[in-house]
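Asker: sequence plus predicted model, see below.
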Amino acid sequence: MVKTIRLTPGEVQHFVDVTSRCDFDIDICYNRYVVDAKSFLGVYGLDFGKPLTVSYEGYNSELEELLKKIAIAS
């Protein structure tokens with residue numbers, strides 16, 4: 001699955017907490033940068049002024065709820 005989101009610096013810790021509880025890989029990317037969504041430093045180093053793309057192969061209800069809240073309407 002691929003979803004486009006917007007994060008603020010204040011949301012990073014909660015985002016990483018939720019992704020860390022998933023038993024599958026989750027990547028978050030902006031332009032050519034791809035980081036592990038379970039890495040606080042990796043996610044925090046991204047540009048929050050731009051839309052970010054989250055890609056993953058798996059299902060977790062808590063992750064889906066979070067992504068629904070921070071998703072950009074497309």
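Answerer: Sure thing, it's come through.
Asker: what's the pLDDT at Ile26?
Answerer: In the prediction, the pLDDT value recorded for Ile26 is 98.
Asker: thinking it is in contact with Thr19, fair?
Answerer: Yes - using Cβ atoms under 8 Å as the test, Ile26 is close enough to Thr19 to be in contact (4.9 Å). Just so you know, the C-beta spots here come from the backbone N, C-alpha and C atoms, and that holds for glycine as well.
Asker: so who does Val12 touch?
Answerer: Contact analysis of Val12 by Cβ atoms under 8 Å, 6 or more residues apart in numbering lists Phe40, Val43, Tyr44.
Asker: and the nearest residue to the last one once chain neighbours are set aside, what element?
Answerer: Nearest residue to Tyr44 in three dimensions, chain neighbours excluded: Val12, at 5.2 Å (Cβ to Cβ, 6 or more residues apart in numbering). Element membership of Val12 [criterion: DSSP states H and E] is helix 12-20.
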